[in-house]
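Visitor: Based on what follows, work out the 3D shape:
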Amino acid sequence: MSLKNPVDAVVLVGGKGTRLRPLTLSAPKPMLPTAGVPFLEHLLSRIRDIGIEHVVLGTSYKAETFTEYFGDGSAFGLDIEYVVEDEPMGTGGAIRNVAGLLRHDTALVFNGDILSGVDLNALLATHADNQADVTLHLVRVPDPRAFGSVPTAADGRVEAFLEKTDAPPTDQINAGCYVFKRTVLEAIPTGRVVSVERETFPGLLESGARVFGHVDSTYWLDLGTPAAFVQGSADLVTGTAPTGALPGEPGAHLVLSGATIAEDVVLGGGSTVGANATVEKAAVLESAVVFDDAVIGERARINRSVIGKGARIGAGSVVEDAVIGDGAVIGAGCELRGGLRVWPGVEIPEHGVRFSADV
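Guide: Numbers count the residues shown, from 1 in each chain. The predicted structure is shown next:
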């Protein structure tokens with residue numbers, strides 16, 4: 001597919017993902033296995049599928065993991081370049097930091113931890129039709145109180161950027177995807193921290209710039225927490241969230257190459273079983289994300305949880321709404337629930353019971 005006008009894609013992937021620890025101790029959030037491949041690969045597949053060829057990744061934390069996996073992008077049908085940010089410069093600073101690598105007059109900018117179903121062609125069309133300086137994807141959410149809201153006029157022009165409130169005037173929120181005119185992007189200050197949400201966009205409104213919203217109610221999820229990460233992975237597996245990178249057909253589960261699934265195992269809710277992982281007899285996985293080389297013991301139950309690379313879950317254990325770090329060992333008959341996070345390499349003895357505390 002070819003675009004009417006050439007566009008660069010920019011993906012901001014420099015964050016440390018502290019809310020997802022311990023998973024992000026070994027890899028940046030966009031590189032975590034999500035429905036069988038690094039999350040970023042799902043986003044890049046959507047960029048590629050609308051005909052964008054040139055992508056700039058704004059990296060920082062563990063920047064080498066991106067280059068090692070994606071290289072120059074040719075294996076993924078893309079031309080990928082990288083900008084490494086030595087010191088965090090905020091969202092606006094990160095966007096300005098890539099300006100020197102842009103090739104075209106329009107840049108489609110993504111926060112690299114958002115899973116979205118927005119029609120990217122429609123977003124670009126909104127930008128072009130309005131001759132906008134910046135166009136924001138605004139998504140309607142059932143409860144906008146947890147977010148800043150962005151009201152728009154009847155013609156779609158953005159009226160304000162409002163902080164979180166218990167009585168938001170609109171259900172439209174900033175969805176973390178923007179279209180910039182290149183000259184506007186290049187006008188962001190350099191050499192200091194800049195928030196695009198608190199400084200750049202409000203400043204553009206004050207100056208009379210043409211800032212528009214592309215409003216929809218499509219699928220949207222911020223993968224910043226373990227619960228959201230599990231949900232996002234499951235939604236990709238089941239086909240609820242769009243992707244062109246799923247390594248298999250959408251369905252109730254995804255089992256990667258080399259995984260061993262014993263008899264009487266129940267896999268559902270969009271669960272993923274990683275490469276060379278083992279799920280032993282009569283185990284039940286519901287909305288589970290099991291990383292490569294992990295072992296799930298007989299009759300174990302894994303619900304809405306992440307099991308890290310090489311971790312071992314003992315027979316009959318229950319892991320619910322929890323994160324088990326890489327290489328951790330959970331003894332037989334344990335119960336781990338309620339948001340518990342087990343750090344990499346930790347061993348919990350048989351019949352241990354832990355609730356709502358990190359170990």
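
Visitor: contacts and neighbour counts: CA atoms only from here.
Guide: OK.

Visitor: Flag the shaky bits of this structure, pLDDT-wise.
Guide: 1-4, 17, 352-359 (pLDDT under 70).

Visitor: mind checking how far the lengthiest helix in it is from the chain centre?
Guide: Counting by DSSP state H, the longest helix found in the chain is helix 226-238. Taking CA atoms, centre = their mean, to the nearest Å, one finds helix 226-238 lying 10 Å from the centre of the chain it belongs to.

Visitor: other SSEs contacting the helix or strand just after that helix?
Guide: Toward the C-terminus, helix 226-238 is succeeded by strand 253-255 as the next helix or strand (DSSP states H and E). If you count contacts as 3 or more CA pairs under 8 Å, 6 or more residues apart in numbering; DSSP states H and E, strand 253-255 packs onto helix 226-238, strand 271-273.

Visitor: just so I have it, where are all the helices in the stretch 151-300 of the chain?
Guide: Applying DSSP state H, counting those that start in this stretch to the stretch 151-300 of the chain gives helices spanning 182-186, 201-207, 226-238.

Visitor: How about the residue most central in space within the chain: what's its closest non-neighbour residue?
Guide: In the chain, the residue lying closest to the centroid (CA atoms, centre = their mean) is Asp113, at 2.9 Å. Spatially, and ignoring its direct neighbours in sequence, Asp113 is nearest to Leu223 (5.7 Å; CA to CA, 6 or more residues apart in numbering).

Visitor: and the gap between that neighbour and Phe229?
Guide: For Leu223, the distance to Phe229 equals 5 Å [CA to CA, to the nearest Å].

Visitor: and Ile313, bridged to which residues?
Guide: Per DSSP bridges, the residues bridged to Ile313 are Ile296, Ile330.

Visitor: tell me the contacts of it?
Guide: Neighbouring residues of Ile313 by CA atoms under 8 Å, 6 or more residues apart in numbering: 295-297, 300, 329-332.

Visitor: buried residues in stretch 117-131?
Guide: 117-118, 120, 123-124, 126-128, 130 (16 or more other CA atoms under 10 Å).

Visitor: returning to what we had before: ok, now how distant is the residue nearest to the centre of the chain from Leu43?
Guide: Distance of Asp113 to Leu43, computed by CA to CA: 9 Å.

Visitor: Enumerate the positions of stretch 52-68 that are buried.
Guide: Buried residues in stretch 52-68, defined by neighbour count with 16+ other CA under 10 Å: 52-63, 66-67.

Visitor: List just the nearest of those residues to Phe147.
Guide: Proximity of the buried residues of stretch 52-68 to Phe147 (CA to CA) peaks at Gly58, which lies at 24.3 Å.

Visitor: ok, that closest one touching Pro88?
Guide: No: applying CA atoms under 8 Å as the test, Gly58 and Pro88 come out as separate, 10.9 Å apart.

Visitor: Could you tell me which residues touch both of the two?
Guide: Counting by CA under 8 Å, 6+ apart, the residues touching both Gly58 and Pro88 are Ala94.

Visitor: Could you identify the most distant pair in the buried residues of stretch 117-131?
Guide: Going by CA to CA, the pair spanning the buried residues of stretch 117-131 furthest: Gly117 and Asn130, at 22.0 Å.

Visitor: between the buried residues of stretch 52-68, which is nearest Gly268?
Guide: Among those, Phe66 lies closest to Gly268 (CA to CA), at 30.7 Å.

Visitor: contacting residues around the nearest residue to that closest one once chain neighbours are set aside?
Guide: Using CA to CA, 6+ apart and skipping the chain neighbours, the partner closest in space to Phe66 is Met31 (7.4 Å). If you count contacts by CA under 8 Å, 6+ apart, Met31 has them with 38-40, 65-66.

Visitor: And the residues you listed, which two are furthest apart?
Guide: Largest pairwise distance in those, by CA to CA, is 12.9 Å, between Phe39 and Thr65.

Visitor: Report how many residues lie close to the residue found closest to Leu120 once you drop the neighbours it is linked to in the chain.
Guide: Distances taken as CA to CA, 6+ apart place Ile50 nearest to Leu120, at 7.3 Å, with adjacent residues excluded. Neighbourhood size, Ile50 [other CA atoms under 10 Å]: 14.

Visitor: so how far is Asp8 from Ile50?
Guide: For Ile50 relative to Asp8 (CA to CA), the value is 12 Å.

Visitor: Show me this structure divided up by domain.
Guide: 8-222, 252-355 (automatic domain parsing).

Visitor: which one's the longest strand in the protein?
Guide: Longest strand in the chain by number of residues (criterion: DSSP state E): strand 172-181.

Visitor: chain center to that strand: distance?
Guide: 15 Å.

Visitor: Same question for stretch 43-58.
Guide: When distances are taken as CA atoms, centre = their mean, stretch 43-58 is centred 15 Å away from the chain's centroid.
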